[in-house]
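Chemist: here you go, sequence then predicted model.
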2 protein chains.
Amino acid sequence: MQIKLNSPLDMHLHLRDAEMLKVVAPLTAKYFSWAVIMPNLVPPVKTVEDVKNYKKRIKKASWQELFNPYMTIFFHEELTRENLEELKSEILSIKLYPAGITTNSEGWAKDLLSEKSLEIFWIMEELWIILNIHWETNDFVMDREKNFVPIYEKLAQDFPKLKIIMEHITTKESADLVVKYDNLYATITLHHLYITLDDVAGWMLEPHLFCKPIAKRPEDREALLKLALSWNSKIMFGSDSAPHPQSAKECSHCSAWIFTSPVALQFLVQLFDKNNSLDNLENFLTNNAKKIYNLSVGNSGMHSIPEKIITLEKKEFIIPEKFWEVVPFMNGTKIEWSVV
Amino acid sequence: MQIKLNSPLDMHLHLRDAEMLKVVAPLTAKYFSWAVIMPNLVPPVKTVEDVKNYKKRIKKASWQELFNPYMTIFFHEELTRENLEELKSEILSIKLYPAGITTNSEGWAKDLLSEKSLEIFWIMEELWIILNIHWETNDFVMDREKNFVPIYEKLAQDFPKLKIIMEHITTKESADLVVKYDNLYATITLHHLYITLDDVAGWMLEPHLFCKPIAKRPEDREALLKLALSWNSKIMFGSDSAPHPQSAKECSHCSAWIFTSPVALQFLVQLFDKNNSLDNLENFLTNNAKKIYNLSVGNSGMHSIPEKIITLEKKEFIIPEKFWEVVPFMNGTKIEWSVV
């Protein structure tokens, strides 16, 4: 049995830089047509110049003609209308991190609803620039996403024409919220469809399953799965795949994030297959994102998706133990689908 | 400023065996008069012979005359009246682990309320043998202790003369339950008075703060602290200190448990001092346990506590990075009290 995926898109990806970029960019480029690249380098990607240079490095590292890295910048309060107008030709969206909430996000202002931020959202709305939000507060780890709901509601209400992407949602409350407002959309990762906090810390402590936002309760995972498998057009796949060397995961203070890029499609096909939802996989992986981000198949221009057919077959695949120094999600386990 | 502690007791301790025992036994013997030694070795401590031999190894390893290791056995459904009568001269209590819930606990039967178990509880009640319970179900990690409440209530009601120790309680529900029934008592660890899940997985993942039961929510920690600082006579200190080599903590599948034995008194004095509750520390560390376990100061006999005065002074103490291969709780941090 085979399945062909037409131009899968990863709408939330971390590629890092330097040596790590060279290792992981080809692993995404091999399986995906297009990916939204997160800007949280050190220092973060902020200017047109930063974007152009980082994009060049990604293209060089990815070794694939049929791959379009789609660039974002790091939201900060100093953004002006001039910046945004200039950036508009290089980016489709801006990634906002509440200050200090995740790796390399210390730079962003504390107050999400400050006057300056609101002014920037207003200009973004006018210029049709999408807003991606890592939406957590600084509260107790299991409440951070849930407690962000009122802020999200306020943004959704105050900026009805701003497309707001709730990135890597992990809770039942988020699954409920995204369908409540027309201008809210969401990405869901592979790992949040598979694991709960039990897998991270229920038996042994598993640093390779530790991510931000942290995996939540079984009923949260169920709600995400239901949403991903449904025909809801507001939901996209965003892997949030992020590589860390094994030494930063297996140590006394382990970094967050999970590396899924080279195994995501295999796991997703298995998951949708088991749930008799293969018919909807292309919506989750491609079609919904095309509509939300206004993309079309083609080989040139910022909005174009290189057409790329990825074929998978129902044949045992054992997840490799490592890709260079990076341990992937569920290393060593057997799954039922492999990429041809 | 100095404070003298009269014969501190650790009512819940893991010493392991072999080389590890030789490292950690002296570290408890140095600071405590008496400790309740958990029986979950591989294979577990079950018989009179096991108890006597393990006690000999502990005495030999601890190098201290003024230290009384108090032995427990592993609860199992094959225990008979004859066993229990014979064991009574060597143990004061029996430790019950729901099957598979923690390290080396696979041996215990699945059904806590099986006919055989109930019969054993009935004999224990008659023989005045105390029951120590690691009380978690196999549910979602944050619910395991809370979901055990109905089982506890049933035991407390059905065996009103059986002293039941709720070991290492971690939740608000447990703090409420222990005061509800006359025959329920509880131990509280040092680490559950200090940390929440935020410390374990809120920022970086911290394997040296990973324990079972896992640290819970801020309101749970608050409830435990309130109970420990109060004059409640049902609450005892039980460190649940358990040594693992660094290699079993900093790896891809990290073992649970925290090593606190050589730093527990310093942290406890600091905590009680900061909360203006130093007057109550000796109740938490010695007096309550003496009453519950029917102990008295002396040098011979199973119920005797060797008198040992431990003096602490308000003087900076930096927690060592390691004791042999074992990383202690909060290694490298400064605290305000040290043992003279």
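Modeler: Now that the structure is in, tell me what you want to look at.

Chemist: when you work out contacts or count neighbours from here on, use the C-alpha atoms and nothing else.
Modeler: Fine.

Chemist: so what touches the longest strand along chain A?
Modeler: If you go by DSSP state E, chain A has its longest strand at strand A:309-318. Outside strand A:309-318, the residues that touch it by CA atoms under 8 Å, 6 or more residues apart in numbering or on different chains are A:1-8, A:31, A:266, A:331-340.

Chemist: and what of stretch A:120-132?
Modeler: Around stretch A:120-132, the neighbours that count as contacts under CA under 8 Å, 6+ apart are A:77, A:79-81, A:84-85, A:88, A:92-96, A:159, A:161-167, A:293.

Chemist: then stretch A:134-154?
Modeler: A:95-98, A:101, A:166-168, A:170-171, A:173-174, A:177, A:213-214, A:216, B:197-198, B:201-202, B:217-218.

Chemist: try it again at 7 Å.
Modeler: With CA atoms under 7 Å, 6 or more residues apart in numbering or on different chains as the test, stretch A:134-154 has contacts from A:Leu96, A:Tyr97, A:Pro98, A:Ile101, A:Met166, A:Glu167, A:Glu173, A:Lys216, B:Asp198, B:Gly202.

Chemist: for it, what is the distance to the chain centroid?
Modeler: Relative to the chain's own centre, stretch A:134-154 is displaced by 18 Å; criterion: CA atoms, centre = their mean, to the nearest Å.

Chemist: what's the span of it from first residue to last?
Modeler: Length of stretch A:134-154, first residue to last, CA to CA, to the nearest Å: 16 Å.

Chemist: buried residues, it. List them.
Modeler: Buried residues in stretch A:134-154, defined by neighbour count with 16 or more other CA atoms under 10 Å in any protein chain shown: A:134-137, A:140-142, A:144-149, A:152.

Chemist: these into a markdown table, with extra columns for pLDDT and distance to A:Pro262?
Modeler: As requested, those are exported to a markdown table (pLDDT from 0 to 100; distance: CA to CA, whole Å):
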| residue | pLDDT | distance to A:Pro262 |
| --- | --- | --- |
| A:His134 | 90 | 23 |
| A:Trp135 | 81 | 26 |
| A:Glu136 | 88 | 27 |
| A:Thr137 | 86 | 31 |
| A:Phe140 | 96 | 32 |
| A:Val141 | 97 | 29 |
| A:Met142 | 98 | 29 |
| A:Arg144 | 94 | 29 |
| A:Glu145 | 95 | 28 |
| A:Lys146 | 94 | 30 |
| A:Asn147 | 91 | 33 |
| A:Phe148 | 88 | 31 |
| A:Val149 | 91 | 32 |
| A:Tyr152 | 89 | 32 |
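
Chemist: which one of these is nearest to B:Lys234?
Modeler: Comparing the buried residues of stretch A:134-154 against B:Lys234 with CA to CA places A:Phe140 closest, at 29.8 Å.

Chemist: gap between the residue lying closest to A:Asp182 once chain neighbours are set aside and A:Ser93?
Modeler: Leaving aside its sequence neighbours, A:Asp182 sits nearest to A:Pro160 (CA to CA, 6 or more residues apart in numbering or on different chains; 7.8 Å). As judged by CA to CA, A:Pro160 and A:Ser93 stand 16 Å apart.

Chemist: neighbour count winner among the two?
Modeler: Taking neighbours as other CA atoms under 10 Å in any protein chain shown, A:Pro160 and A:Ser93 compare with A:Ser93 leading, 25 against 14.

Chemist: give me the element that one is part of.
Modeler: strand A:91-96 (DSSP states H and E).

Chemist: output the next helix or strand after that strand as PDB, nothing but the C-alphas.
Modeler: Sequence-wise, the next helix or strand downstream of strand A:91-96 (DSSP H and E) is helix A:115-127. What follows is helix A:115-127, C-alpha atoms only, in PDB (Å, rounded to 0.1, in the frame of the first residue of the first chain):
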ATOM      1  CA  GLU A 115       0.700  50.500  23.400                       C
ATOM      2  CA  LYS A 116       3.700  49.900  21.100                       C
ATOM      3  CA  SER A 117       2.700  46.300  20.500                       C
ATOM      4  CA  LEU A 118      -0.800  47.200  19.700                       C
ATOM      5  CA  GLU A 119       0.300  49.800  17.200                       C
ATOM      6  CA  ILE A 120       2.500  47.200  15.500                       C
ATOM      7  CA  PHE A 121      -0.400  44.700  15.300                       C
ATOM      8  CA  TRP A 122      -2.500  47.500  13.800                       C
ATOM      9  CA  ILE A 123       0.100  48.100  11.000                       C
ATOM     10  CA  MET A 124       0.500  44.300  10.500                       C
ATOM     11  CA  GLU A 125      -3.200  44.000  10.100                       C
ATOM     12  CA  GLU A 126      -3.200  46.800   7.500                       C
ATOM     13  CA  LEU A 127      -0.300  45.200   5.600                       C
END
